[in-house]
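Student: Provide a 3D model corresponding to the input given below.
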Amino acid sequence: MLEVLQILEAEVALREQTRVADQARPALAEKKQQDAARKLGQVQNKLRERVKKVNGRIRELPGGQEEFAKEILLLGQVAVVMSEATAILNRFETGRTAIAAETEIIELLLQSQRINPKGGGGGGSSPGGGGGGTTEDAALAMLGAGMNEKEIREDHGVTQTVGNTHSTYPEEYRTGLDEYFQRLERSGQ
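Tutor: Next comes the predicted model:
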C-alpha cells in the first residue's frame, strides 16, 4: 500500500511537470520540447513498471487473488492508462491529452485508496471505467505546491491543504494502510 501511495505522489508530480513543460513550449526550441516530453514519457513508463510490480506482489500474497481482486483489476487498469500516457508523451504531446491521461491515472489510484473495511477491497463498482467521477476527492485536490514560479493561479475561494504542513498521511491513506496491514496479518495466520 505504501508503494501505491508513493506512485500516486510521483504521478501527481509528473502531471505537474507535464503542465510546466506544456507552458514552456512557446519559449523552447522544438528539439528541447521533444526532449522534455521524451523524459516525461520515460518517467511515466517507470511508474507503470512499478505498478505492475505492486500488482504482482499483491497476487503473490497468500489469498491475494481472492482478497484483493478489485485492487488487482484496478491496478491493471492503471497500468493500461499509464501505457497510453507514455505513448502520448512519446508523441511529444504535453498538452490537454497528456494531462487528461495523467489525471485519469491519479483518479484510478485514488480509487485504489478507497478500501471498505466491511467489504472485500476497494476500487468501486466499475474498476477501469475511468472518468466516472466515483472517487471522493477529485484529482485536482492532489495539486502540490507547484513547479512553475511564473504560473498564475486564480483563487476560487476554496482552501485545501494537501500534506504540505503535516508529516502524517491524510486520513483516507491511514485508513487504507490500517486495512492493508490488518489483511496481511489475517492472511499470515
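
Student: From Gln34, how far out is Leu28?
Tutor: 9 Å (CB to CB, to the nearest Å). All C-beta atoms are positioned from the backbone trio N, CA, C, and that covers glycine.

Student: Kindly report the same for Leu61.
Tutor: Distance, Leu61 to Gln34, by CB to CB: 42 Å.

Student: what do you get for Ser112?
Tutor: Applying CB to CB to Ser112 and Gln34 gives a distance of 33 Å.

Student: Lys52 now?
Tutor: When distance is defined by CB to CB, Lys52 is 27 Å away from Gln34.

Student: One more: Leu8?
Tutor: Counting by CB to CB - Leu8 and Gln34 are separated by 28 Å.

Student: Compare these two (neighbour count), which wins?
Tutor: The residue with more neighbours, out of Leu8 and Gln34, is Leu8; 22 against 14, by other CB atoms under 10 Å.

Student: secondary structure element for the residue nearest to the more buried one when sequence neighbours are not counted?
Tutor: Distances taken as CB to CB, 6 or more residues apart in numbering place Leu109 nearest to Leu8, at 4.4 Å, with adjacent residues excluded. Element membership for Leu109 (DSSP states H and E) is helix 96-112.

Student: in whatever helix or strand comes next after that helix, what's buried?
Tutor: Downstream of helix 96-112, the next assigned helix or strand under DSSP H and E is helix 171-188. Neighbour-count burial for helix 171-188 flags 173, 175-177, 179-180, 183 (criterion: 16 or more other CB atoms under 10 Å).

Student: again, but for stretch 100-110
Tutor: Using 16+ other CB under 10 Å as the test for burial, stretch 100-110 gives 101-110.

Student: And for stretch 15-32?
Tutor: Using 16+ other CB under 10 Å as the burial criterion, the residues of stretch 15-32 that qualify are 15-22.

Student: Turn the residues you listed into a markdown table, columns for secondary structure.
Tutor: Shown next, in a markdown table, are these (DSSP: H, G, I helix; E, B strand; the rest coil):
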| residue | secondary structure |
| --- | --- |
| Arg15 | helix |
| Glu16 | helix |
| Gln17 | helix |
| Thr18 | helix |
| Arg19 | helix |
| Val20 | helix |
| Ala21 | helix |
| Asp22 | helix |
